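[1] model this:
(chains A and B)
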Amino acid sequence: SQKIEQNSEALNIQEGKTATLTCNYTNYSPAYLQWYRQDPGRGPVFLLLIRENEKEKRKERLKVTFDTTLKQSLFHITASQPADSATYLCALVGGSNYQLIWGAGTKLIIKP
Amino acid sequence: GAVVSQHPSWVICKSGTSVKIECRSLDFQATTMFWYRQFPKQSLMLMATSNEGSKATYEQGVEKDKFLINHASLTLSTLTVTSAHPEDSSFYICSASIPGQAWNEQFFGPGTRLTVL
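    Numbering: from 1, shown residues only, chains lettered A, B, ... in the order given. A predicted model of the protein is given here:
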């Protein structure tokens, strides 16, 4: 069955450093992969989408890579700030209605 | 950007009662909406896909008679939890995508916290 894995342990990063989160998937060949941010008690907020033919996508301090051979996506936040602390979710696009298949998310904590 | 609202934001009810949650797309028409459930520190679990004017498609293991979904218009989908029990207590979130851009970002509502006593 399709499976998405994100590091379940919280990631603690010092302010100003680059935070790197990992998303691995198996038994699937997604055409698109998305990253979302979720704050406690809130719905997820879309950050970036990357297509299977794109190796890298950037948006301000965010960078996403997509390696379809390794079946892995990396999400980077450069010059991290305490306000970046949140849970980050990756999702694969699939299904007839383009349903999203979600990872469990990684909690990121940026320490001042 | 596109905005999705949910109402209520939280609800507490007694066991055995029914609760209706509304999901509205405020500035766009959503032919498809998705309903999710999220337990503490767990991932989003897709419950069903709601298509305007037709029956919802439920994910495996989700009881369609317990979680009634109605998508009567292009801007409103409702989820009714019937005969709620404490194990139904969870965070319920809806989302929608722009028609014709279903592969693109999904816009999420703020969620509804349901507590069944």
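[2] need the contact list for residue 62.
    Picked chain A for this. Residue A:62 makes contacts with A:35, A:47-48, A:75-77, as judged by C-beta atoms under 8 Å, 6 or more residues apart in numbering or on different chains. Every C-beta, even on glycine, is put in place using the N, C-alpha and C of the backbone.
[3] actually chain B
    By C-beta under 8 Å, 6+ apart, the residues touching residue B:62 are B:47-48.
[4] That one in helix, strand or coil?
    When classified by DSSP: H, G, I helix; E, B strand; the rest coil, residue B:62 comes out as coil.
[5] Off-centre distance for the worst-scoring helix or strand of chain A on mean pLDDT?
    Least confident helix or strand of chain A, by mean pLDDT, DSSP states H and E, is strand A:99-102 with a mean of 84. Mean-position distance between strand A:99-102 and its chain equals 13 Å (C-alpha atoms, centre = their mean, to the nearest Å).
[6] go on, stretch B:2-15?
    9 Å.
[7] hmm, back to that, top of the contacts of residue A:62 by number of neighbours, please.
    The most neighbours of any of the contacts of residue A:62, using other C-beta atoms under 10 Å in any protein chain shown, belong to residue A:75, which has 25 neighbours.
[8] What lies in contact with stretch A:36-46?
    Contacts of stretch A:36-46 with the rest of the structure, by C-beta under 8 Å, 6+ apart, involve A:34, A:47, A:86-91, A:105, B:4, B:6, B:44, B:91, B:93, B:95, B:105-111, B:113.
[9] and chain B, which residues reach chain A?
    Neighbours of chain A within chain B, by C-beta under 8 Å from any C-beta of the partner chain: B:4, B:6, B:32, B:34, B:42-46, B:49, B:51, B:57, B:91, B:93, B:95, B:97, B:102-111, B:113.
[10] rewinding a little: a markdown table for the contacts of residue A:62, including secondary structure, distance to residue B:67 and pLDDT?
    Putting those into a markdown table (DSSP: H, G, I helix; E, B strand; the rest coil; distance: C-beta to C-beta, whole Å; pLDDT from 0 to 100) gives the following:
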| residue | secondary structure | distance to residue B:67 | pLDDT |
| --- | --- | --- | --- |
| A:35 | strand | 28 | 96 |
| A:47 | strand | 29 | 95 |
| A:48 | strand | 31 | 93 |
| A:75 | strand | 32 | 97 |
| A:76 | strand | 38 | 98 |
| A:77 | strand | 36 | 98 |
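[11] and of these, the nearest to residue A:22?
    residue A:75 (7.8 Å; C-beta to C-beta).
[12] is it true that the closest one touches residue A:33?
    No. Assessed by C-beta atoms under 8 Å, residue A:75 is found out of contact with residue A:33, at 9.9 Å.
[13] Please enumerate the shared neighbours of the two.
    Common neighbours of residue A:75 and residue A:33, using C-beta under 8 Å, 6+ apart, are A:23, A:64, A:90.
[14] and the second one, how many residues sit next to it?
    By the measure other C-beta under 10 Å, the count of residues near residue A:64 is 24.
[15] Sheet-wise, list the partners of the one helix or strand it maps to with their directions.
    If you go by DSSP states H and E, residue A:64 is part of strand A:62-67. Strand partners for strand A:62-67, identified by DSSP bridges, are recorded as strand A:56-59 (antiparallel), strand A:72-77 (antiparallel).
[16] of the ones you listed, which approaches residue B:13 most closely?
    Residue B:13 lies closest, by C-beta to C-beta, to one member of the strands paired with strand A:62-67: strand A:72-77, at 38.1 Å.
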